[in-house]
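In: Have a look; sequence and predicted model below, questions after that.
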Amino acid sequence: MSMTAPSDVGVMNPNDRLDVLCAELEELSGQRNAIDGRIVQIVAELNSAELWGLTGARSLKAFVAWKLGMAESTAQTVTAIVDRFEEFPRCNADMREGRLSLDQVGVIAKRAGAESDEHYAQLASVATVNQLNTAIKLEPRPEAEKPEPKRSFSKHTRDGFTTYRITVPTIEAAKVDASLKSHHEALINEYKRDNPESAARDAGQEARDGQAKETHDAQDDTSGRRPFPNLTDAFMRMVETAWDAEATRRPHGQHTTVIVHLDADKLAAWLHGGPYLSDADRQYLLCDTSCEVWLERRGQVIGAGRNTRVINRRLRRALEYRDPVCAVPGCGATRGLHAHHIRHWEDGGLTELDNLVLVCPHHHRLHHRGLISISGTADKLIVTDAAGRRLQPGSLARPPTRPPPAVPPWQGPLGERADWWWYDPYEPPPVNNN
Ligand SMILES: [Zn+2]
Ligand SMILES: [Zn+2]
């Protein structure tokens, strides 16, 4: 490899200098492709043997982003290639030989049709990432692949009002309609009972509007009486009845709190009206301070748990200030963090800053299932994987000790304007229905 000495700069004319720099870029690009190709190959092996799971990472993508110091999007490209590694042997081999880049192979692995390895390996030798994208979009997609609209629920709040958008299949929509209609009718009946004289007039108006539109509003009605019930009222009635039903179904009207019974002598715990908990689940639930604990001895409730287990708002804020992210190295989760007692609460661990760390629900569960261990004190935390190896923050990158891959320089895609009319899109082979 020829490193260009900075002393050349002064004596060279700009064109020559450009040539020198580009030659070095070509060499480095080839090497980088080859290195990326080998990285993908290694990650594919880690994936097939599920070795990455031993590190406590939440997913292969998270592992790659963490260990290689990559952006999530780049890590996603790597895992997309790994997911279809066996399907694109030629593209992957070309990358290892420095002839295709990670992004080129990535765009193919993300969206190209089945058995298209040869086709796209050839095209990628001249096409840019954008051109590959266009080519893949030209693939005829079988009818069945058209994405069905998915069931969805979204919410948008503006100016003090919230708009919900719910998408459900027609059959479920029929249920919504029927339920809305019955609540609407119930509301109308109540209304008629309360306002016998105006009910007839309003009902006639409603019929003329065809579909009951949301025209009634408190502002429309200056008479001070309750406006004629519309579909929004019917919807809210539906929600309130359902909510009431759900709250009465729960013991003691608890809306959100989980209740855990804990036998003070045997250290056995079970959910209220539910099954016994494993040791791991018990410790996990008792650590997560949002649940309510009922201490029992020989079937009698003797107290509501040690008060100190509960983290007050000030302590929680102090924790969040100290640990803005999950304490497990490389995780970086910032939302929904749990306060974990480093020395478990039931072993006498105190609920104070030194004995608490914030961890994400995933790592919290992993810890209580024994897959990672969290020890030390909050400021000198030691997190190890299942084999007792310490998890280190940051990437695995270090100065190389081996020579770079011996591959020829890479000039990259031609980058010429593509004339798509002569391009034959890849056609998947006909499906054999035998
Ligand atoms: Zn915990
Ligand atoms: Zn985490």
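Out: Right, received. Where do you want to start? Please read all numbers here as calculations on a predicted model, not as lab measurements. Ligands and ions are numbered 1, 2, ... in the order given.

In: in the stretch of helix or strand Asn15 belongs to, what's buried?
Out: Secondary structure from DSSP states H and E places Asn15 in helix 14-48. Buried residues in helix 14-48, counted by 16 or more other C-beta atoms under 10 Å: 26-27, 29-37, 39-41, 43-44, 46-47. Just so you know, the C-beta spots here come from the backbone N, C-alpha and C atoms, and that holds for glycine as well.

In: What is the burial count for whichever residue of the stretch 201-350 of the chain sits closest to ligand 1?
Out: Across the stretch 201-350 of the chain, no residue is closer to ligand 1 than Cys287, which sits at 2.9 Å (C-beta to the ion). By other C-beta atoms under 10 Å, 23 other residues sit near Cys287.

In: swap in Asp385?
Out: 17.

In: With the one 10 residues further on instead?
Out: The number of residues packed near Ser395 is 13, by other C-beta under 10 Å.

In: what's the answer for the one 4 residues further on, then?
Out: Counted with other C-beta under 10 Å, the neighbours of Pro399 add up to 4.

In: would it count as being in a strand?
Out: No. Pro399: not assigned to a strand; according to DSSP: H, G, I helix; E, B strand; the rest coil it is coil.

In: For it, give me the pLDDT.
Out: At Pro399, the pLDDT value in this model is 81.

In: and the gap between the residue of the stretch 201-350 of the chain closest to ligand 1 and Pro405?
Out: 48 Å (C-beta to C-beta, to the nearest Å).

In: one step back: tell me which other helices or strands the helix holding Asn15 touches.
Out: The contact analysis (3 or more C-beta pairs under 8 Å, 6 or more residues apart in numbering; DSSP states H and E) places helix 14-48 against helix 8-11, helix 60-67, helix 72-83, helix 89-96, helix 102-111.

In: and that helix with helix 72-83, angle?
Out: Here helix 14-48 runs at an angle of 60 degrees relative to helix 72-83 (axes from the mean of the first three to the mean of the last three C-alpha atoms, to 10 degrees).

In: can you give me the mean pLDDT across helix 14-48?
Out: What helix 14-48 shows for mean pLDDT is 93.

In: Tell me where the model's unsure across the stretch 251-400 of the chain.
Out: 251-258, 288-292, 302-310 (pLDDT under 70).

In: Could I get the full set of strands for it?
Out: 259-263, 269-271, 292-297, 300-303, 338-341, 356-359, 373-377, 380-384 (DSSP state E, counting those that start in this stretch).

In: who touches the fifth one?
Out: Under the contact criterion C-beta atoms under 8 Å, 6 or more residues apart in numbering, strand 338-341 has outside partners 287-289, 311, 316, 319, 327, 349-351, 355-361, 364, 367, 374.

In: Just checking: what are the partner strands of that strand?
Out: strand 356-359 (antiparallel) (DSSP bridges).

In: what about the partner strand, near ligand 1?
Out: No. Remark: strand 356-359 sits outside contact range of ligand 1, by C-beta under 5 Å from the ion, the gap being at least 7.2 Å.

In: quick one: that strand to chain centroid distance?
Out: Once both centres are worked out by C-alpha atoms, centre = their mean, to the nearest Å, strand 356-359 turns out to sit 21 Å from its chain's centre.

In: Would that strand count as contacting ligand 2?
Out: No. Under the criterion of C-beta under 5 Å from the ion, ligand 2 is not reached by strand 356-359; the shortest gap measures 5.5 Å.

In: What are the buried residues along that strand?
Out: Neighbour-count burial for strand 356-359 [16+ other C-beta under 10 Å]: Leu356, Val357, Leu358, Val359.

In: could I get it in PDB with only the CA atoms?
Out: The C-alpha trace of strand 356-359 is given here as PDB (Å, rounded to 0.1, in the frame of the first residue of the first chain):
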ATOM      1  CA  LEU A 356     -29.700   1.500  42.300                       C
ATOM      2  CA  VAL A 357     -29.000   1.700  38.600                       C
ATOM      3  CA  LEU A 358     -31.400   2.400  35.700                       C
ATOM      4  CA  VAL A 359     -31.500  -0.400  33.200                       C
END
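
In: just to revisit the earlier point, also compute the angle for the helix holding Asn15 relative to helix 89-96, please.
Out: 130 degrees.

In: okay, the angle between helix 14-48 and helix 60-67?
Out: Using the same axes, to 10 degrees, helix 14-48 lies at 130 degrees relative to helix 60-67.

In: Helix 14-48 versus helix 102-111: what angle between them?
Out: Going by the same axes, to 10 degrees, helix 14-48 makes 40 degrees with helix 102-111.
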